[in-house]
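*Asks:* sequence plus predicted model, see below.
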Amino acid sequence: MTTPATVTPAPKPAPVWEDFVDIFYAPRQVFERRRDGKFGLPFFILLVLAALLLFLTKPLMQPVYDAIIEMGMAQMRASNPQVTEEMVTRARGMSDTFLLPGIVFNLAIAILLSGLALWLVGKLFDSRQTASQALMVSTFANVPRLILGTITSALLALLLPAESLDSPYAAMLSPARLVDPKTAPVLAAALMRVEVFTIWATVLLGIGLYVTGKVTARQAAIAAAIVWLLGGLAGVAGALRSAG
């Protein structure tokens, strides 16, 4: 008599808040539950949480934000010698107003581009991952970076001397914080990728591709590393444009 094949039951769906917690210690289970690739609600919630944390930690991070703005003003002066100090002052005020919304917008774009890059790179390894699954993976992969990473940066800003917070990378767990972006912008941009929460997100991208793409663990790790490298190249290219 033939024994019927055992069918593995599909993981039970969980509320978004549970997935936001589980991604820290059980990411594979999260990606198994989210195989449907529906990323819209988690993506929106993540951006709202990131915006809230950025707003709440702004007093601590203000010296870092001031450094970002001053770098922008220096680039403005360098690109157009006819810029007056009145124009710089006006631009500085606008930059301070729109800095946090701009950061949130850039985070959203980065998550989407990271997901699309994962999907495309996965095709090199015959991944079965869909574009929506890749965007779902990228969304949850960035939860630790945007939530715990933002809190960690604020704590570093609280503990470090105010005079040391003179760089966009000063409150990051990265060797980039030891480099002056004014004199070595390309090196700083490259080292920014060697950051604890960026590497954590990269590992989660690999796990997500392994689960949803049906590739080997080695292939998933290589694909995630390529996505990490592409992100670094994009940052270096941006630094080169700003410097040149």
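*Replies:* Arrived safely, thanks for sending.
*Asks:* make it CA atoms for all contacts and neighbour counts henceforth
*Replies:* Noted.
*Asks:* helices of this structure, residue ranges please.
*Replies:* Ranges of helices in the chain, per DSSP state H, are 16-22, 27-33, 40-56, 58-79, 85-123, 131-141, 143, 149-159, 185-191, 196-213, 217-243.
*Asks:* mean pLDDT lowest where, among the ones you listed?
*Replies:* Of all the helices of the chain, the minimum mean pLDDT falls on helix 58-79 (a mean of 82).
*Asks:* residues in contact with that one?
*Replies:* 83, 88, 91-92, 95-96, 99, 153-154, 157-158, 162, 165-171, 182, 242 (C-alpha atoms under 8 Å, 6 or more residues apart in numbering).
*Asks:* let's see it at 7 Å
*Replies:* If you take C-alpha atoms under 7 Å, 6 or more residues apart in numbering as the criterion, helix 58-79 is touched by 83, 88, 92, 95, 154, 157-158, 165-168, 170.
*Asks:* run the angle between that helix and helix 40-56 for me.
*Replies:* Angle of helix 58-79 versus helix 40-56, following axes from the mean of the first three to the mean of the last three C-alpha atoms, to 10 degrees, is 90 degrees.
*Asks:* mark which of the contacts of helix 58-79 are buried, thanks.
*Replies:* 88, 92, 95, 154, 157, 165-168, 170 (16 or more other C-alpha atoms under 10 Å).
*Asks:* reformat the contacts of helix 58-79 as a markdown table; add distance to Ala221.
*Replies:* Shown next, in a markdown table, are the contacts of helix 58-79 (distance: C-alpha to C-alpha, whole Å):
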| residue | distance to Ala221 |
| --- | --- |
| Val83 | 48 |
| Val88 | 46 |
| Arg92 | 42 |
| Ser95 | 39 |
| Ala154 | 31 |
| Ala157 | 33 |
| Leu158 | 35 |
| Leu165 | 34 |
| Asp166 | 35 |
| Ser167 | 32 |
| Pro168 | 29 |
| Ala170 | 29 |
